[in-house]
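Trainee: let's see this in three dimensions:
(chains A and B)
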Amino acid sequence: QQQVKQSPQSLIVQKGGIPIINCAYENTAFDYFPWYQQFPGKGPALLIAIRPDVSEKKEGRFTISFNKSAKQFSLHIMDSQPGDSATYFCAATEDRRGKLIFGQGTELSVKP
Amino acid sequence: EAGVTQFPSHSVIEKGQTVTLRCDPISGHDNLYWYRRVMGKEIKFLLHFVKESKQDESGMPNNRFLAERTGGTYSTLKVQPAELEDSGVYFCASSHRYTEAFFGQGTRLTVV
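Mentor: Take a look at the predicted model:
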């Protein structure tokens, strides 16, 4: 049972483009929604996170949009750069438990 | 400050053999998690330690997997005997608070 569904699986954009990665969840008890960025040979690293009482959060070129009624959230990368090429994972957790439920991952390639 | 460290980075073993993975969390982090990513799929939760106690082991696939956390410091994950489907990347993560998880670089396990 896939509790967090992520799309697309892979994404190719040109430098300066705005890749968008979407996630949907089912469990309304989820209370914290982080995004992780993973480079080859490295572990996932926390990129940005949001709680459901906020509809948008921005950190630098990275923005999370959150739609609580639709149970969906997405990551936008403004002015994407080749250095942003990585695998991105959305996740969700019931805050107090800390166990992360991950989406399937999106392999992003930003072409120069 | 040292991050989460995992050993070995890569292990190739034959079906039926035993493998032990090790994780050294960030010093002072009481929470330690094990996750696994099988080829191209989502990162799946295996278990969660709080200090030396198992808080949640609901993600452990079967009794061939044994996790321990000695004295609330480093943790080991033993697979005995290993099967082909155990191949994947095993991640360890640690956190001081429930929602801030720092991941290690992972151990790539290949069972042949």
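Trainee: ok, and the closest non-adjacent residue to the residue most central in space within chain B?
Mentor: The centroid of chain B falls nearest to residue B:34 when counting by CA atoms, centre = their mean (3.7 Å). Take residue B:34 and drop its neighbours on the chain: the residue closest to it by CB to CB, 6 or more residues apart in numbering or on different chains is residue B:46, 4.1 Å away. (C-beta placed from N, C-alpha, C; glycine too.)
Trainee: looks to me like the one you found is in a helix.
Mentor: No - Residue B:46 sits outside any helix when classified using DSSP: H, G, I helix; E, B strand; the rest coil, being strand.
Trainee: distance of it from residue A:51?
Mentor: As judged by CB to CB, to the nearest Å, residue B:46 and residue A:51 stand 26 Å apart.
Trainee: likewise residue A:25?
Mentor: Separation of residue A:25 from residue A:51 (CB to CB): 13 Å.
Trainee: which stretches of the chain form strands?
Mentor: Because you didn't say which chain, this covers chain A. For chain A, the strands defined by DSSP state E cover A:4-7, A:10-14, A:20-25, A:33-38, A:45-50, A:56-59, A:62-67, A:72-77, A:86-92, A:101-102, A:106-111.
Trainee: actually chain B
Mentor: So, for chain B - with DSSP E - the strands run B:5-7, B:10-13, B:19-24, B:31-37, B:43-50, B:53-56, B:65-69, B:75-79, B:88-95, B:102-103, B:107-111.
Trainee: what do residue A:25 and residue A:51 both touch?
Mentor: Counting by CB atoms under 8 Å, 6 or more residues apart in numbering or on different chains, the shared contacts of residue A:25 and residue A:51 are residue A:33.
Trainee: who has more neighbours out of these two?
Mentor: Ranked by neighbour count (other CB atoms under 10 Å in any protein chain shown), residue A:25 and residue A:51 place residue A:25 first, with 21 against 13.
Trainee: ok, the more buried one touching residue A:92?
Mentor: Yes - with contact defined as CB atoms under 8 Å, residue A:25 reaches residue A:92; the gap is 5.1 Å.
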